[in-house]
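Q: Everything below, folded, please.
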Amino acid sequence: GVVVAVDSRATAGSYIASQTVQKVIEINRYLLGTMAGGAADCGFWERLLARQCRVYQLRNKEPISVAAASKLLANMVYQYKGMGLSMGTMICGWDKRGPGLYYVDSEGTRVPGQVFAVGSGSTYAYGVLDRGYHEGLAVEAACDLARRAIYQAARRDAYSGGRVTVYHVGPEGWRRVSTDNVADLQERYAAEETP
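A: Residues are numbered from 1 along each chain as shown. Below is the predicted model:
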């Protein structure tokens, strides 16, 4: 499957605007999109993508593939390249080919991959992911790795924080695995490190 983890902080310059932003957009039962960059841009384009995916499903009597959904989003935003959009997103899901994960941004870039971190805290998250990710990771271990990656990003990056929410997408669709406050994770992980 695919494991997705996000924080919940939104900032306006150096000010924290919100600690409770839902950064996962539920496109359909089998597709999720994440938000990084401008919240308005991400929200608008991913909601538009959700509508387009619904139209596809009504016309074709089957859900859209992850690859096709990511291509649709990339094509839509490419028309506005250079016009000030700010969006970096992951489109993740499950289709008849199995799990799928794509990075799509406001420049129209579309890249398939196994592991992505997007946003201001991504460099910190990659440090955790690069060390702990390997093929065949069990779902529970992958969820813990993703949670730790977002926690470390929130700990080091001023523009990340709030809550860490983890999703898993499998053949039955997506499910929310957990939502934890970063402060609670700090206590939990600090207790684990204490000899």
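
Q: The residue lying closest to Leu101 once chain neighbours are set aside: neighbour count?
A: With sequence-adjacent residues excluded and distances taken as CB to CB, 6 or more residues apart in numbering, Leu101 is closest to Cys92, at 4.8 Å. C-beta: built from backbone N, CA, C; applies to glycine. Neighbour count of Cys92, defined by other CB atoms under 10 Å: 28.

Q: what's the answer for the one 3 residues further on, then?
A: Applying other CB under 10 Å, we find 18 residues neighbouring Asp95.

Q: Report the beta-bridge partners for it.
A: With beta bridges defined as DSSP bridges, Asp95 has these partners: Gly98.

Q: so who does it touch?
A: Counting by CB atoms under 8 Å, 6 or more residues apart in numbering, Asp95 makes contact with 30, 63-67.

Q: Are we agreed that Ala190 is in a helix?
A: Yes - Ala190 forms part of a helix when assessed by DSSP: H, G, I helix; E, B strand; the rest coil.

Q: quick one, strands of this protein?
A: Taking DSSP state E to define them, one finds strands in the chain at 2-6, 10-12, 15-18, 24-28, 31-34, 88-95, 98-105, 110-112, 163-170, 173-181.

Q: Give me the packing partners of the fifth one, helices and strands only.
A: Pointing back at strand 31-34 there. If you count contacts as 3 or more CB pairs under 8 Å, 6 or more residues apart in numbering; DSSP states H and E, strand 31-34 packs onto strand 2-6, strand 24-28, helix 39-60, helix 66-78, strand 88-95, strand 163-170.

Q: likewise the longest one?
A: Secondary structure elements in contact with strand 173-181, counted by 3+ CB pairs under 8 Å, 6+ apart, are helix 139-156, strand 163-170.

Q: Comparing those, which comes out most buried?
A: strand 163-170 (a mean of 22; mean count of other CB atoms under 10 Å).
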